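# Just the structure for this:
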Amino acid sequence: MGYPNNTCMYITIFVHHMQIDEMFDFLNDRIDTPPPYWYHSEDAPYSISGGYAAINVDYHNYKKIRTERSWDNPLNV
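Next comes the predicted model:
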C-alpha cells in the first residue's frame, strides 16, 4: 500500500433495495440526484416493501454522493 490518504478508504452506505439501480445510475452520471442513503440500517426509515442493502463505495464515489445529498438530511426536507 502506498501513502495513506482518503482514496484508500471504502465507506458502507445503506440504500433501499429498490433504489440500488438509481444509485448506480447516479454514480455513472446517468441521473443528477442520488437516492437517499444512511450509514446504518437501523437509522433508515421502516419500509413495508423490503429492506435496505449495504453498498460499499470508494472515497471518490462517496465524495460525489455527499456533494449532492447530505447524510444528516438525506431526504432534503
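
# Contact partners for the closest residue to Asn56 other than its chain neighbours?
Counting by CB to CB, 6 or more residues apart in numbering, the nearest residue to Asn56 once its immediate chain neighbours are dropped is Tyr10, at 4.9 Å. All C-beta spots, glycine's among them, are computed from the backbone N, C-alpha and C. Contacts for Tyr10 were tallied using CB atoms under 8 Å, 6 or more residues apart in numbering; they are Asn56, Val57, Asp58, Tyr59.

# Of those, which is the most crowded?
Within those, neighbour counts (other CB atoms under 10 Å) peak at Val57, which reaches 18 neighbours.

# For beta bridges, what are the partners of that residue?
Beta-bridge partners of Val57, counted by DSSP bridges, are Ile11.

# hang on, isn't it packed against Ile11?
Yes - applying CB atoms under 8 Å as the test, Val57 and Ile11 come out as touching, 5.8 Å apart.

# got the contact list for the longest helix anywhere in the chain?
Secondary structure of the chain per DSSP state H: the longest helix is helix 59-68. The contact list for helix 59-68 (CB under 8 Å, 6+ apart) reads 6-11, 13, 23, 26-27, 32-34, 37, 57.
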